[in-house]
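In: Below is the sequence, then the predicted model.
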Amino acid sequence: MSKANVYQMVTDRIIKQMEQGIIPWHRPWTGVLEGAFNRISKKPYSLLNQMLLEHKGEYATFKQWTGLGGKIKKGAKAEIVVFWKIYPIKEEVDGKEEIKNIPVLKYYNVFHISQVEGVEPLPKEELKPLEPIEEAEKIKEAYKDREHIKIVETVTNKAFYSPSSDYVQVPCKDQYSDISEFYSTLFHEMVHSTGHHTRLNRFEKGMSTAPFGSEDYSKEELVAEIGSASILSMIGIETNRTFKNSVAYLQSWIRVLKNDNKFIVSAASKAEKACKYIIDGPAEE
């Protein structure tokens, strides 16, 4: 199947959820106990794949389930998991032959354990529960100290990240009826801040120059939306986040995705990098 068709498969899956009123990036994604993971490797799937897969828990390919002695139930429909495969391409530059690595989006089919007979679920590991609010504060303070970024919590009705001054402003905690909404807003703006040229350098032309409603603006907003929801899920903060006009919100994203089938893949990839940067810091060279 061609690269373009895999992008379309991913986009169609996301659009289908949104047409059912589901916001795919507001789901529990990370960690073996909360999100979807591979039965064999026991590793959680990427953010994008967490959005694509319908269930929490164990997934594996037909071959992997068969190898465990399982049998796929009659009529079971596979879901897809996507990944990047690197192809070396020879190119001639200034008369010299060079190898350029080209990433191509691929997919494979997986089945959830509920679709399998003859295999018992893995026992749930005992994990020390996190104190969500305490953990959120640790993430904020560690990121602020490591990156030397100013995070201002003040009485205001504006939340934003300023790329030119490299600081985050959010309304103070007392202005929120639900503390989870404070951290949702905070992490949204912190994800924006990872785009600074000293960090992940997402703002090629400067985010402040991207007009509201433009493709660049929309993509960066989706990166921040996905990233914020992921961090909240990672540390166990539950949010009943609602949108003043959720139908309009969903319809606006559906229009964007229908116009660009690479949009969600790109945004999810950048969100995952942003989350790793906030939690773990810069990747080692």
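Out: It's in.
In: which residues sit against stretch 138-146?
Out: Ile149, Lys150, Ile151, Leu186, Phe187, Met190, Ile231, Ile235, Ile278, Ile279, Gly281 (Cβ atoms under 8 Å, 6 or more residues apart in numbering). For every residue, glycine as well, the C-beta is placed using N, CA and C.
In: for stretch 61-75, that is, sorry about that
Out: Counting by Cβ under 8 Å, 6+ apart, the neighbours of stretch 61-75 from elsewhere in the structure are 38-40, 60, 78, 108-111, 115-119.
In: Could you find the closest non-adjacent residue to Gln8?
Out: Asn261 (4.8 Å; Cβ to Cβ, 6 or more residues apart in numbering).
In: On the three-state scheme, the one you found is what?
Out: coil (DSSP: H, G, I helix; E, B strand; the rest coil).
In: doesn't Arg13 make contact with it?
Out: No. Applying Cβ atoms under 8 Å, one finds Asn261 not in contact with Arg13, separated by 11.1 Å.
In: Next step: the contacts of stretch 138-146 restricted to helices.
Out: Using DSSP state H, the subset of the contacts of stretch 138-146 located in helices is Leu186, Phe187, Met190, Ile231, Ile235, Ile278, Ile279.
In: Make JSON lines out of the contacts of stretch 138-146 and add pLDDT and distance to Val168.
Out: Compiled in JSON lines, the contacts of stretch 138-146 are given as follows (pLDDT from 0 to 100; distance: Cβ to Cβ, whole Å):
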{"residue": "Ile149", "pLDDT": "97", "distance to Val168": "7"}
{"residue": "Lys150", "pLDDT": "96", "distance to Val168": "7"}
{"residue": "Ile151", "pLDDT": "97", "distance to Val168": "5"}
{"residue": "Leu186", "pLDDT": "96", "distance to Val168": "7"}
{"residue": "Phe187", "pLDDT": "96", "distance to Val168": "10"}
{"residue": "Met190", "pLDDT": "98", "distance to Val168": "6"}
{"residue": "Ile231", "pLDDT": "91", "distance to Val168": "14"}
{"residue": "Ile235", "pLDDT": "86", "distance to Val168": "18"}
{"residue": "Ile278", "pLDDT": "97", "distance to Val168": "12"}
{"residue": "Ile279", "pLDDT": "95", "distance to Val168": "16"}
{"residue": "Gly281", "pLDDT": "91", "distance to Val168": "17"}
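In: Centroid-wise, who is the farthest residue in the chain?
Out: Distance from the C-alpha centroid of the chain, by Cα atoms, centre = their mean, peaks at Gly95 (41.3 Å).
In: Just the pLDDT for that one.
Out: According to the prediction, Gly95 has pLDDT 78.
In: Could you measure from it over to Ile102?
Out: In this view, Gly95 and Ile102 are 21 Å apart by Cβ to Cβ, to the nearest Å.
In: same check, this time on Val168
Out: Val168 sits at a distance of 36 Å from Ile102 (criterion: Cβ to Cβ).
In: For those two, indicate the residue with more neighbours.
Out: With other Cβ atoms under 10 Å as the criterion, Val168 and Ile102 differ in neighbour count, and Val168 comes out ahead with 24 against 11.
In: Would you mind confirming that the more buried one makes contact with His196?
Out: No. Contact status for Val168 versus His196: not in contact, 10.9 Å apart, counting by Cβ under 8 Å.
In: coming back round to it: return the residues in contact with the residue nearest to Gln8.
Out: Asn261 makes contacts with Ala4, Tyr7, Gln8, Val10, Thr11, as judged by Cβ under 8 Å, 6+ apart.
In: Out of those residues, the closest to Phe83 would be?
Out: Val10 (11.5 Å; Cβ to Cβ).
In: residue contacts, the closest one?
Out: When contacts are taken as Cβ under 8 Å, 6+ apart, Val10 is in contact with Leu48, Leu52, Ile80, Val82, Leu105, Tyr107, Asn261, Ile264, Val265.
In: Secondary structure element holding it?
Out: Val10 belongs to helix 3-19 when elements are defined using DSSP states H and E.
In: What are the buried residues along that helix?
Out: For helix 3-19, the buried set under the neighbour-count rule, 16 or more other Cβ atoms under 10 Å, comprises Val6, Tyr7, Met9, Val10, Thr11, Arg13, Ile14, Ile15, Gln17, Met18.
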